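K.L.:
here is the input, now give the coordinates:
(chains A and B)
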Amino acid sequence: MSVARPPALSLRRLRKTFGAVVAVDDVSLDAAPGEFLSLLGPSGCGKSTILRMVAGLVEPDGGQVVLAGEDITRVPVHRRNLGLVFQSYALFPHMTVFENVAFGLRRRGVGETALRPRVERMLDLVRLGPLGARHPHELSGGQQQRVALARALVTEPRVLLLDEPLSNLDALLRDEMRVELKRLQESLGTTMIFVTHDQAEALMLSDRVAVVDQGRVEQVGRPEEVYRSPATPFVARFLGRANFLAGVVAERDGGEVVVAFDGGLTVRAASREGLAQGQRVQAAVRPESIRLVPAGGGTSLPNRFPATVVFHAFAGQAHHYVVQLDDGREIEVVAPGAEFPVARGAKVQVEWAPEDVILLPGGEA
Amino acid sequence: MTRGRGWGLLAPSLLLLLVAFLVPVGMMVPTSFRPYVPLVGITRGFTAGHYVKLVTDLYYLEIIGRTLALGFTVTLLTLVIGYPVAFFLARSRSRWRSWLTILVVFPLLLNLVVRTFGWIALLAQNGLVNQALRALGLVDAPVKLLFNFAGLLIGMTHIFLPFMVLVLIGAIQNIPRDVEDASRVLGASWGATFVRVTLPLSAPGILSGSILVFVLAISALVTPRLLGGPTYRVMSTLIYDEFLQRLNWPAGSAQALLLTVMVLALILISGILARRVGARV
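P.N.:
Numbering: from 1, shown residues only, chains lettered A, B, ... in the order given. Next comes the predicted model:
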């Protein structure tokens, strides 16, 4: 991210309560111009409220919304020049597709001659060119969402806000729209703030992901960053699956630490800052970081344990296993689908590299 | 659902409609073409005279015109007064909301005659309204508010307002908030959003509320009779008098059938209108 340019959008200590419930708690975030920033979190975590405060539909109790250096916290909704795409599409049912897209331009006093080519170009861009005369109810869900996108983008908003725009589409269409959205964002260079509860979607689309839980931003970073080095147990748990092990730092050894887990197991892990000997930690190991190797075989990885396969399921791209270690602990393992499956009941070994162990402070799993 | 089962479900209400509505109305058709001789009664023969009189005699034309004018004005007034109330009730999260809803529905729980007599007490020559107007120095002589158009208009607007409000509340609640929010984000002020989004989307409710109030207003009997007195007639009171005071059933039948045709025509036209609007909503 370029440091020289001011952020396209900057949230400063935003706060919102509904009665006794703190929906958004002291949230500060910056989005660089042209950036695709996701707000990722479970439903009810406050991510939609953050977005609605940016749009001006919800008034914050405290904090500021700054758009390209201008404080817009008190600017009324219709003067903010933002785009917003809703989960429900929220098209105007009494207007044609063309009129839906033209709505924002008309409100800005764009004349009829200038308006037509702009609307048509935008409809072409979302591949709805010939459907301008239809009404929304005559379109499929995917087409409706594309109208919503065109309608929001045609006014060239300073920032496009997307509130779970793909959640109402079925799986196949969702994949298609994801690609389309990314393509649009790259060709138009619009700054986009994307709210979603779907971690795969956030990871695939975003330049950066902000993980939100209970009204707070837990971590902001590039997709690989939040996935590989989650800052909190919540982030580790919410982004992909992980095996959690609770233990104590037993020994520091150069760049690695040895963690002794409750139950006698010891594991070598890549160290991180601020770990002291005797400190309670949680270690998270992603199922896909773990390799299943035949009993007796294996590589030179230091974390290797004998195990028994207790569950196996094939899911196309991957094999899902649950294996039981000798101390009774069960661990999830995901192996590439192209590999030969290991039968249930087989005696195997599991192994993983020290750098694949994510160490998080705190003892309770 | 199969066709047979559909009819089975409809049968009870269809039967009721047939026995209680279609047959009596159908029986009125031949009656309306019978000659009527005063002091003798209904005689044999055929005449279209009752209908001819209805559409040529100025006395009757005035009553028909008055009935329609009253219907339209009452509908318009209930709409103009009712829409803001309905909008507030549909949207507000205020704690006054439930109280106001009760207030709107409350008149419906009172007997119609009682409510109408209430208006007589208010609108009479030395009623509360005239007393207030004179106390405020707004008028010198009492304003005539009873036994004329103004009286009927005031009374009937009040009595039919709850129907309009209840229908509108439903229609306004059906408008998704997201759609209005989308309009505002796209640059429409609150007023522009109301005119371009909220109002068009509540059109089906406005239409059905208007039909309901109009039909109720032009066929209302008790209120026009009490507030209009024996001389200021509308079609329903005319029909009532024709049947029960002059005992001229053929003329009464013709008038009743004309009123029915007017109502049906209006419902038909609104139906077509609603389909046009509804196709887009």
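K.L.:
contacts for the least confident helix or strand in chain B by mean pLDDT next, please.
P.N.:
Least confident helix or strand, chain B: helix B:3-17 with a mean of 84, by mean pLDDT, DSSP states H and E. Outside helix B:3-17, not one residue touches it by CB atoms under 8 Å, 6 or more residues apart in numbering or on different chains. C-beta: built from backbone N, CA, C; applies to glycine.
K.L.:
then that helix to PDB, C-alphas only?
P.N.:
This file holds the C-alpha atoms of helix B:3-17, laid out as PDB (Å, rounded to 0.1, in the frame of the first residue of the first chain):
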ATOM      1  CA  ARG B   3     -59.000 -28.200 -10.100                       C
ATOM      2  CA  GLY B   4     -61.600 -30.300  -8.300                       C
ATOM      3  CA  ARG B   5     -60.200 -29.700  -4.900                       C
ATOM      4  CA  GLY B   6     -60.000 -26.000  -5.600                       C
ATOM      5  CA  TRP B   7     -63.700 -25.800  -6.200                       C
ATOM      6  CA  GLY B   8     -64.400 -27.900  -3.100                       C
ATOM      7  CA  LEU B   9     -62.700 -25.300  -1.000                       C
ATOM      8  CA  LEU B  10     -64.600 -22.500  -2.600                       C
ATOM      9  CA  ALA B  11     -68.000 -24.200  -2.600                       C
ATOM     10  CA  PRO B  12     -69.300 -23.000   0.800                       C
ATOM     11  CA  SER B  13     -68.500 -19.300   0.100                       C
ATOM     12  CA  LEU B  14     -69.800 -19.600  -3.500                       C
ATOM     13  CA  LEU B  15     -73.000 -21.100  -2.200                       C
ATOM     14  CA  LEU B  16     -73.500 -18.400   0.300                       C
ATOM     15  CA  LEU B  17     -72.800 -15.700  -2.300                       C
END
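K.L.:
if you count contacts, what does the next helix-or-strand element following that helix end up packed against?
P.N.:
Remark: after helix B:3-17, the chain's next helix or strand is helix B:23-31, criterion DSSP states H and E. Under the contact criterion of 3 or more CB pairs under 8 Å, 6 or more residues apart in numbering or on different chains; DSSP states H and E, helix B:23-31 touches helix B:249-278.
K.L.:
buried ones in the helix it packs on?
P.N.:
Applying a neighbour-count criterion of 16 or more other CB atoms under 10 Å in any protein chain shown, one finds B:249-259, B:262-263, B:266, B:270, B:274, B:277 buried in helix B:249-278.
K.L.:
can you check stretch B:77-92 too?
P.N.:
So, applying 16+ other CB under 10 Å, buried residues of stretch B:77-92: B:77-79, B:82-83, B:85-91.
K.L.:
checking the most centrally placed residue in chain A next. Helix, strand or coil?
P.N.:
In chain A, the centroid-proximal residue (CA atoms, centre = their mean) is residue A:202; its distance is 3.0 Å. Recorded secondary structure, residue A:202: helix (DSSP: H, G, I helix; E, B strand; the rest coil).
K.L.:
so residue B:232: helix, strand or coil?
P.N.:
Going by three-state DSSP, the state assigned to residue B:232 is coil.
K.L.:
wait, it sits on residue B:148?
P.N.:
Yes. Using CB atoms under 8 Å, residue B:232 is in contact with residue B:148, at 6.0 Å.
K.L.:
follow-up on the earlier one: tell me which of the buried residues of stretch B:77-92 is nearest to chain A?
P.N.:
Nearest to chain A among the buried residues of stretch B:77-92 is residue B:91, at 14.4 Å by CB to the nearest CB.
K.L.:
got the buried residues for stretch A:142-157?
P.N.:
Across stretch A:142-157, burial judged by 16+ other CB under 10 Å covers A:142-155, A:157.
K.L.:
could you do stretch A:299-313 as well?
P.N.:
A:301, A:303, A:305, A:307-309, A:312.
K.L.:
one more: stretch A:180-187?
P.N.:
Residues A:180-181, A:184-185 are the ones in stretch A:180-187 that count as buried (16+ other CB under 10 Å).
K.L.:
let me know the closest of the residues you listed to residue A:234.
P.N.:
Closest to residue A:234 out of the buried residues of stretch A:180-187 is residue A:181 (26.5 Å), distances taken as CB to CB.
K.L.:
the strand or helix carrying the closest one - contacts with which helices or strands?
P.N.:
In this assignment (DSSP H and E), residue A:181 forms part of helix A:171-188. Packing partners of helix A:171-188 (3+ CB pairs under 8 Å, 6+ apart): helix A:141-153, helix A:199-205.
K.L.:
mind listing residues that contact stretch A:162-172?
P.N.:
With contact meaning CB under 8 Å, 6+ apart, stretch A:162-172 is reached by A:48, A:51-52, A:84-89, A:141-142, A:145, A:148-149, A:174, A:177-178, A:181, A:192-198, A:201.
K.L.:
any idea how far that stretch is from the chain center?
P.N.:
Computed by CA atoms, centre = their mean, to the nearest Å, the chain-centroid distance of stretch A:162-172 equals 14 Å.
K.L.:
and what of stretch A:201-212?
P.N.:
That offset, for stretch A:201-212, works out to 4 Å (CA atoms, centre = their mean).
K.L.:
end to end, how far does that stretch reach?
P.N.:
End-to-end distance for stretch A:201-212, by CA to CA, to the nearest Å: 15 Å.
K.L.:
thinking again about what came up before, surely the residue nearest to the centre of chain A and residue A:37 touch.
P.N.:
No. At 9.7 Å, residue A:202 and residue A:37 do not qualify as touching, with contact defined as CB under 8 Å.
K.L.:
list the buried residues in the strand or helix carrying residue B:150.
P.N.:
Per DSSP H and E: residue B:150 is located in helix B:149-173. Within helix B:149-173, the residues scored as buried using 16+ other CB under 10 Å are B:151-169, B:171-172.
K.L.:
swap in stretch B:62-80?
P.N.:
Neighbour counts over stretch B:62-80 (16+ other CB under 10 Å) mark B:63-64, B:66-68, B:70-71, B:73-75, B:77-79 as buried.
K.L.:
for the top helix by length along chain B, packing partners?
P.N.:
Taking DSSP state H as the criterion, chain B has its longest helix at helix B:58-91. With contacts taken as 3+ CB pairs under 8 Å, 6+ apart, helix B:58-91 sits against helix B:49-56, helix B:97-109, helix B:149-173, helix B:203-219, helix B:235-244, helix B:249-278.
K.L.:
what is the rounded mean pLDDT of that helix?
P.N.:
Mean pLDDT, helix B:58-91: 96.
K.L.:
return the distance of that helix from the chain's centre.
P.N.:
Distance of helix B:58-91 from the chain centroid (CA atoms, centre = their mean) equals 7 Å.
K.L.:
could you check the angle that helix makes with helix B:149-173?
P.N.:
Between the axes of helix B:58-91 and helix B:149-173, defined by axes from the mean of the first three to the mean of the last three CA atoms, to 10 degrees, the angle is 40 degrees.
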